[in-house]
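[1] got a predicted model here, sequence first, then my questions.
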Amino acid sequence: MKESNRETEGLAYLYNLHSYELQSKLEETKGATLTAVDVAPILINGEPAQITKLAVVAKKKVVVYKWVDDEISEVTVRSVLDRPHNVGILIFLYVESRTTG
């Protein structure tokens with residue numbers, strides 16, 4: 001299990017919650033101002049799994065990371081016209097990504 005943490009550099013970091021060891025620094029998130037996380041249980045080939053999505057607003061883009069269990073499966077970067085200042089845009093992008101695949 002991983003957790004994000006915003007540091008003074010405006011970057012998101014991933015830590016292992018069992019050892020508290022830094023796993024990675026998410027360079028695409030430089031200038032991060034807002035984050036949102038979604039965790040959902042799913043079945044893959046009849047086996048339970050977990051999908052985790054981390055959305056980070058960084059300047060005029062939204063970076064969405066997707067993990068299946070502990071493996072990163074997708075990174076999506078979307079440009080926005082203005083820097084979002086609330087989670088409403090993140091919820092919209094999340095709902096849109098669920099309905100479009």
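    Yep, it's here.
[2] C-alpha only now, for contacts and for neighbours.
    Fine.
[3] show me where this structure has helices.
    88-100 (DSSP state H).
[4] counting neighbours, what do you get for residue 44?
    By the measure other CA atoms under 10 Å, the count of residues near residue 44 is 10.
[5] what does residue 20 give?
    Close neighbours of residue 20, defined as other CA under 10 Å, add up to 11.
[6] and the strands in this protein?
    Listed in chain order, the strands of the chain (DSSP state E) span 2-6, 12-16, 22-26, 32-44, 47-58, 61-68, 71-79.
[7] could you dump the ones you listed into CSV and include mean pLDDT?
    Converted to CSV, the strands of the chain look like this (pLDDT from 0 to 100):
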stretch, mean pLDDT
strand 2-6, 51
strand 12-16, 85
strand 22-26, 88
strand 32-44, 86
strand 47-58, 89
strand 61-68, 89
strand 71-79, 87
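[8] OK, contacts around residue 31?
    Applying CA atoms under 8 Å, 6 or more residues apart in numbering to residue 31 gives the contacts 9, 10, 11, 58, 59.
[9] that one and residue 42: what is the separation?
    In this view, residue 31 and residue 42 are 32 Å apart by CA to CA, to the nearest Å.
[10] ok, how many other residues are close to the spatially closest residue to residue 62 that is not a sequence neighbour?
    Sequence neighbours aside, residue 78 is the residue nearest to residue 62 in space, at 5.2 Å (criterion: CA to CA, 6 or more residues apart in numbering). A total of 11 residues lie near residue 78 under the criterion other CA under 10 Å.
[11] quick check: bridge partners of residue 75?
    Legend: beta-bridge partners of residue 75 under DSSP bridges are residue 65.
[12] touching, it and residue 62? I think so.
    No - here residue 75 lies out of contact with residue 62, judged by CA atoms under 8 Å, at a distance of 10.5 Å.
[13] please say which of these two ends up with more neighbours.
    residue 62 (25 against 14).
[14] residue contacts, the more buried one?
    55, 56, 77, 78, 79, 80.
[15] if I look at it, how far off is residue 43?
    28 Å.
[16] spatially nearest residue to residue 72 (excluding sequence neighbours)?
    Using CA to CA, 6+ apart, the closest residue to residue 72 is residue 66 (5.9 Å).
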